[in-house]
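Enquirer: I'll drop the sequence and a predicted model, then ask my questions.
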Amino acid sequence: MRHQYHPLGFEGSRLAQGFWRMEEWSMTSQESLGFIEACLDLGVTTFDHADIYGDYQCETLFGNALKHKPALRDKMQIITKCGILLPSNRRPDINVHRYNYRAEHILASVDRSLANLQCEYIDTLLLHRPSPLMDADEIAQTLDLLFTLGKVKHFGVSNFTTHQFDLLQSRLDAPLIINQVELSPLALQHFDDGTLNHAQRHAVTPMAWSPFAGGDIFSGTNEKAKRVQVVLKTVAEEMNCTVDQVVVAWLLRHPAEICPVMGSGKVARLAAAVDAMTIALNDDDWFRIWTASQGHSVA
Amino acid sequence: MRHQYHPLGFEGSRLAQGFWRMEEWSMTSQESLGFIEACLDLGVTTFDHADIYGDYQCETLFGNALKHKPALRDKMQIITKCGILLPSNRRPDINVHRYNYRAEHILASVDRSLANLQCEYIDTLLLHRPSPLMDADEIAQTLDLLFTLGKVKHFGVSNFTTHQFDLLQSRLDAPLIINQVELSPLALQHFDDGTLNHAQRHAVTPMAWSPFAGGDIFSGTNEKAKRVQVVLKTVAEEMNCTVDQVVVAWLLRHPAEICPVMGSGKVARLAAAVDAMTIALNDDDWFRIWTASQGHSVA
Amino acid sequence: MRHQYHPLGFEGSRLAQGFWRMEEWSMTSQESLGFIEACLDLGVTTFDHADIYGDYQCETLFGNALKHKPALRDKMQIITKCGILLPSNRRPDINVHRYNYRAEHILASVDRSLANLQCEYIDTLLLHRPSPLMDADEIAQTLDLLFTLGKVKHFGVSNFTTHQFDLLQSRLDAPLIINQVELSPLALQHFDDGTLNHAQRHAVTPMAWSPFAGGDIFSGTNEKAKRVQVVLKTVAEEMNCTVDQVVVAWLLRHPAEICPVMGSGKVARLAAAVDAMTIALNDDDWFRIWTASQGHSVA
């Protein structure tokens, strides 16, 4: 269940719990605290945030829960992200949905995240999306400063191509330890386009966002989703487990050591995913799912 | 206004003046000289040529102008290109529109360019287009020879992918200092495909050909062009400048330090572009233009 | 006619003879022996196999021929492949058409190939197709073991992207010496996508499978095939040779030093291909063929 996020990174849990829908969970801060403790009890200690989740509210909801029991902080690893500007009533200073990786924005975003999360440090800060206007030198300097200030311990990226990754890494002393990308049986592009090869080569941890394809794994209505659903259900029945669990096992099987980010606010679903870590999906079934998604047999 | 084309390259101007339409300008050699002097007076000292421009005539037109005042040579940096064979009445030896990077062709092409331009050296020679038949070893040897002979001071490429660039660079001692590619608000592909990331990583100067998308920025009739035109006009009005200037400022804002190649033979338009160097396009407007071209908001 | 497959690889023949259709040739083992000897007499000493060819039968057919004259073994270089599981009556243990690069499968596959081929070593083992489940570390360890055991002398891949190649190479001490990919006047994708650039950069030999596009070079009925056929026929007539020979000469002209894998069981056709090695296809004709396939002139 433990996972080393890069040799020079941190030790966290193989499954991460994401909080991008936390605002929809409508929990009191005490209920949120209970959820967080339940995650930790299950061994899920890596928590995934972003400044913008829940229209800029999820970090605060999490922080309000953590405030009840600050001692929990050191039992978890907090990932958060910066770089997207999302127009919002809560952020009237933002005019255009765009990216921003200028030094002053990154620094301010981290300070806001720390305040919202009620923490003194972030375990890993991710650049949320590559921007055409990223200045790798300015970013590297800013991340170095954040490290020196003790505000952020490690750095990573999200949705970066190999070229974008290589550029930023070339300017940084510290290794980028994570690339969080979309990976699921319905999102195979990064299995083929070099992203996972590159991550393996450099010992970068690929985290999978939308491991259930935003629910399409269960209820998508296009042809591809329906093909995959049929196979997933068959495999789940044969293994006497749930479709969720098959998908988690399918992602875990990959040699790149993918860390899926789970998004449900229900402890039972997270517990089921944790159980899936002991499921040994055989390679025949792995490729049945792959083939169903591709729509054709391997070559 | 000055720009260092690669740390080991030359110092030139941030805006380059291109001469691919020079034949259409129908200037006498004295008028051409006047145009060249006007460019220099504006601080535009980097001049972009290719052997084939104007059906193989533009270099000669430029050289005929320069002949009137040879002392100007050392006040400018001349880029020219080789490698495309273009069937032409002027070149009856060419049978097929194709590429040629054999040693004898490169050497002969440079000698022709030097004679046409009435110069003793070329500041930077670019390989005009990648050819499937490029032999990187043969090319590297040939470029080394051209350097040793004093005929060419620096080397670069045009329209090269990162793989093509890496192959040729692996065989060359001297750095490739330029990759001239199509870049404009209507040509975003190289912002995403690794070309600009790779250039930044290796301190290669990306030069932008067709910065106004061959006029489509002003008068293109497809949906994308129309969307971009609307935003460009709005921004231009807000900033009290011209659409040309907004486009130049948009290219200059990119951290890869793009050098646009201007193509007009009118001094006033070049002067306006030079003025655009002082325009601080804000990032909101930069992304409004980006988003209009993409046809959707950023992710 | 000799070709060094990578500086640290082996010396073989520039043309390789493939045996993927050997089962269709319906030869007795004595006839097969005759064919093999005829290949060697022509200077074609590099023989290309895979475990799965001919529904897992071709290696055995070859081995049965070689058994008649084991002394021939050291006069040839044998390439074979592993990693594809192909459901077959002959392999009832295989349930799903998929890939398998686990250590036990690679080791067992090589042992079967050695037994089938009636050889003590394989000159070069190729991973037949990239698999999403390849574990580069496990593979590297396994290949090292095969080398140490003396069962395989060199290693390579087939149909690998540059990212897949780089990942595996990063874990291997020995160089990957071959990437066997589809290359023909009707299959231009790898001329442009970095595969051939990368191979040249690292002195990897690209071998061309389906150099005649599975026969479409002669009889394909789509527009592209028809355009290419017209040009190939014209060039063949002008050069007083066959279309086969033009295609071979076209592949050989490429600076990546492509080694085509010939697939016919007829000695005369192989002899014709060997003769094509002396044909100097001129670059005009090379590009006429390229242009016909692209469907448009070069840029």
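Expert: That came through, no problem. Just so it is clear, the model here is predicted, and its values are computed rather than measured. Residues are numbered from 1 along each chain as shown, chains lettered A, B, ... in the order given.
Enquirer: what parts of chain A come near chain C?
Expert: A:162, A:188, A:191-194, A:196-198, A:200-201, A:253-255, A:283-284, A:286-288, A:290-291, A:297-299 (Cβ under 8 Å from any Cβ of the partner chain). Bear in mind the C-beta positions are built from the backbone N, C-alpha and C, glycine included.
Enquirer: from those, keep the buried residues only.
Expert: A:162, A:188, A:191, A:194, A:196-198, A:200-201, A:253-255, A:283, A:286-288, A:290-291, A:298 (16 or more other Cβ atoms under 10 Å in any protein chain shown).
Enquirer: residues making contact with stretch A:229-239?
Expert: A:185, A:217-218, A:220, A:242-243, A:245-247, A:279, A:281, A:285, A:288-289, A:292 (Cβ atoms under 8 Å, 6 or more residues apart in numbering or on different chains).
Enquirer: please save the CA atoms from the helix or strand where A:Lys81 lies in PDB.
Expert: Using DSSP states H and E, the element containing A:Lys81 is strand A:77-82. Output of strand A:77-82 as PDB, limited to C-alpha atoms (Å, rounded to 0.1, in the frame of the first residue of the first chain):
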ATOM      1  CA  GLN A  77       1.000  13.800   2.300                       C
ATOM      2  CA  ILE A  78      -0.800  16.800   0.700                       C
ATOM      3  CA  ILE A  79      -0.500  17.400  -3.000                       C
ATOM      4  CA  THR A  80      -2.000  20.600  -4.400                       C
ATOM      5  CA  LYS A  81      -1.800  22.500  -7.700                       C
ATOM      6  CA  CYS A  82      -1.600  25.900  -9.100                       C
END
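Enquirer: now for A:Gln17: which residues touch it?
Expert: By Cβ under 8 Å, 6+ apart, the neighbours of A:Gln17 are A:39, A:44, A:46-48, A:261-262, A:270.
Enquirer: let me know the pLDDT of it.
Expert: Looking at A:Gln17, its pLDDT is 98.
Enquirer: for A:Met207, see how far away it is.
Expert: Distance, A:Gln17 to A:Met207, by Cβ to Cβ, to the nearest Å: 12 Å.
Enquirer: give me the common contacts of those two.
Expert: In contact with both A:Gln17 and A:Met207: A:48, A:261, using Cβ under 8 Å, 6+ apart.
Enquirer: among the contacts of A:Gln17, which ones are in strands?
Expert: A:46-48, A:261-262 (DSSP state E).
Enquirer: same question for the strand or helix carrying A:Phe62, mean pLDDT?
Expert: Per DSSP H and E: A:Phe62 is located in helix A:58-66. The pLDDT scores in helix A:58-66 average 98.
Enquirer: show me the contacts for the closest residue to A:Glu223 other than its chain neighbours.
Expert: In space, and not counting its chain neighbours, A:Glu223 is closest to A:Gly295: 7.7 Å by Cβ to Cβ, 6 or more residues apart in numbering or on different chains. Neighbour list for A:Gly295: A:223-224, A:227 [criterion: Cβ under 8 Å, 6+ apart].
Enquirer: now A:Gly295, what are its backbone angles?
Expert: Torsion angles at A:Gly295 (phi, psi; degrees, to the nearest 10) stand at phi 90, psi 10.
Enquirer: so the residue nearest to A:Asp173 when sequence neighbours are not counted, which of the three states?
Expert: Ranked by Cβ to Cβ, 6+ apart and with sequence neighbours excluded, the top spatial neighbour of A:Asp173 is A:Asp144, at 7.1 Å. Following DSSP: H, G, I helix; E, B strand; the rest coil, the label given to A:Asp144 is helix.
Enquirer: surely A:Asp144 meets A:Val152?
Expert: No - using Cβ atoms under 8 Å, A:Asp144 is not in contact with A:Val152, being 10.1 Å away.
Enquirer: ok, back up a step: will you turn the ones in strands among the contacts of A:Gln17 into a markdown table that also has neighbour count and pLDDT?
Expert: Below are those laid out as a markdown table (neighbours: other Cβ atoms under 10 Å in any protein chain shown; pLDDT from 0 to 100):
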| residue | neighbour count | pLDDT |
| --- | --- | --- |
| A:Thr46 | 26 | 98 |
| A:Phe47 | 24 | 98 |
| A:Asp48 | 26 | 98 |
| A:Val261 | 21 | 98 |
| A:Met262 | 23 | 98 |
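Enquirer: and chain B, is stretch A:203-215 touching that?
Expert: No - applying Cβ under 8 Å from any Cβ, one finds stretch A:203-215 separated from chain B by no less than 11.5 Å.
Enquirer: now do the end-to-end distance for that stretch.
Expert: Across stretch A:203-215, the terminal residues are separated by 30 Å (Cα to Cα, to the nearest Å).
Enquirer: residues in contact with the residue of the stretch 1-150 of chain A found nearest chain C?
Expert: Relative to chain C, the nearest point of the stretch 1-150 of chain A is A:Pro7 (13.6 Å; Cβ to the nearest Cβ). Contacts were defined as Cβ under 8 Å, 6+ apart; by that measure A:Pro7 touches A:Ala203.
Enquirer: doesn't it belong to a strand?
Expert: No - assigned with three-state DSSP, A:Pro7 falls outside any strand and is coil.
Enquirer: hey, where'd the helices end up in chain A?
Expert: Shown for chain A, the helices assigned by DSSP state H span residues A:22-25, A:29-41, A:53-56, A:58-66, A:103-117, A:136-148, A:162-171, A:189-192, A:195-201, A:216-219, A:223-239, A:243-252, A:267-276, A:283-294.
Enquirer: point out the one among the ones you listed that comes closest to B:Leu126.
Expert: Checking the helices of chain A against B:Leu126 by Cβ to Cβ gives helix A:162-171 as the closest, at 21.8 Å.
Enquirer: now do the closest one: which elements does it pack against?
Expert: Packed against helix A:162-171, as judged by 3 or more Cβ pairs under 8 Å, 6 or more residues apart in numbering or on different chains; DSSP states H and E, are the following elements: helix A:136-148, strand A:152-158, strand A:176-182, helix A:195-201, helix B:195-201.
Enquirer: can you give me the mean pLDDT across that helix?
Expert: 98.
Enquirer: one more: stretch A:264-271?
Expert: Rounded mean pLDDT across stretch A:264-271 is 97.
Enquirer: now that stretch: buried residues?
Expert: A:264-265, A:267, A:270.
Enquirer: what about that stretch, distance to the chain center?
Expert: 16 Å (Cα atoms, centre = their mean, to the nearest Å).
Enquirer: send me it as CSV with only the CA atoms.
Expert: Extracted in CSV, the C-alpha atoms of stretch A:264-271 (Å, rounded to 0.1, in the frame of the first residue of the first chain):
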residue,chain,number,x,y,z
SER,A,264,-15.7,9.4,-4.0
GLY,A,265,-16.6,10.8,-0.6
LYS,A,266,-17.9,7.4,0.5
VAL,A,267,-15.6,5.5,2.7
ALA,A,268,-17.0,2.2,1.5
ARG,A,269,-16.0,2.9,-2.1
LEU,A,270,-12.5,3.8,-1.0
ALA,A,271,-12.3,0.7,1.1
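Enquirer: can you give the contact residues for it?
Expert: The contact list for stretch A:264-271 (Cβ under 8 Å, 6+ apart) reads A:15, A:17, A:21-22, A:24-25, A:27, A:35, A:38-39, A:42, A:44, A:244, A:262.
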